[in-house]
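Undergrad: From the sequence below, what's the structure:
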Amino acid sequence: VQLQASGGGLVQAGGSLRLSCAASGSIFAINAMAWFRQAPGKGRAFVAAIYWSSGNTDYTDSVKGRFTISRDNRQNMVYLQMNSLKPEDTAVYYCAARTSPVNYDYWGQGTLVTVSS
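TA: A predicted model of the protein is given here:
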C-alpha cells in the first residue's frame with residue numbers, strides 16, 4: 001500500500017483546510033485509514049479514523065466537532081476536513097492505512113499544517 005498526503009499549508013486561526021490522502025497498491029487489504037499528527041517537539045498522535053466495512057469514524061476529543069474524516073471509495077481517497085483551526089492544531093499530518101487487526105502499518109509522507117494566531 002502506498003499513501004500520498006497533500007493539502008497542508010498556512011492558515012489563520014479560525015480558518016479551514018482539507019487534507020487529502022491517495023491510496024494505491026494493495027488497497028483491497030485495507031480495513032481502516034486514519035490521520036495522525038506530530039506537533040513540534042511531541043510524539044505522533046491519533047487524530048481521526050474511518051473504518052472500511054462500516055464507515056464508522058473515530059476522533060480524538062480535541063478535534064470533535066471541528067474535523068471530519070471521509071472517504072471516496074471510487075477514487076481511493078481519504079479526506080480530513082479541518083474547520084475552526086487553532087494554533088495548537090499546528091503539526092505535520094500523516095495519513096495511515098491498516099491492513100492488520102490493530103496497528104496502522106502503512107504511512108504517507110506527511111503534510112505540514114501551520115495555524116497562525
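Undergrad: Skipping adjacent residues, who's closest to M33 in space?
TA: Nearest residue to M33, sequence neighbours excluded (C-beta to C-beta, 6 or more residues apart in numbering): V78, at 4.6 Å. The way it works is simple: take the backbone N, C-alpha and C, and place the C-beta from them, glycine included.
Undergrad: quick one: S62 is in a helix?
TA: Yes - checked against DSSP: H, G, I helix; E, B strand; the rest coil, S62 lies within a helix.
Undergrad: Check the secondary structure at the nearest residue to it once chain neighbours are set aside for me.
TA: Excluding the flanking residues, the one nearest S62 by C-beta to C-beta, 6+ apart is E88, at 7.7 Å. At E88, secondary structure determined by three-state DSSP is helix.
Undergrad: Quick one: residues in contact with stretch 105-113.
TA: Contact with stretch 105-113 is made by 1-9, 11, 17, 19, 21, 37-38, 82, 85, 89-99, as judged by C-beta atoms under 8 Å, 6 or more residues apart in numbering.
Undergrad: Under the pLDDT cut-off, which ranges of this protein? List them.
TA: By pLDDT under 70, the chain contains no weakly predicted segment.
Undergrad: can you map out the strands along it?
TA: Ranges of strands within the chain are 2-6, 9-12, 17-24, 32-38, 44-51, 57-59, 67-72, 77-82, 91-98, 106-107, 111-116, based on DSSP state E.
Undergrad: Roughly how far does the most centrally placed residue in the chain sit from S117?
TA: By C-alpha atoms, centre = their mean, the chain has its centre lying nearest to W35, at 2.5 Å. Between W35 and S117 the computed distance is 23 Å (C-beta to C-beta, to the nearest Å).
Undergrad: what do you get for D58?
TA: 28 Å.
Undergrad: Could you check which of those two has the larger neighbour count?
TA: Just comparing D58 and S117: by other C-beta atoms under 10 Å the higher neighbour count belongs to D58, 14 against 9.
Undergrad: Now do the contacts for the closest residue to the more buried one other than its chain neighbours.
TA: Spatial nearest neighbour of D58, excluding adjacent residues (C-beta to C-beta, 6+ apart): A49 at 4.7 Å. Neighbouring residues of A49 by C-beta under 8 Å, 6+ apart: 32-35, 57-58, 69.
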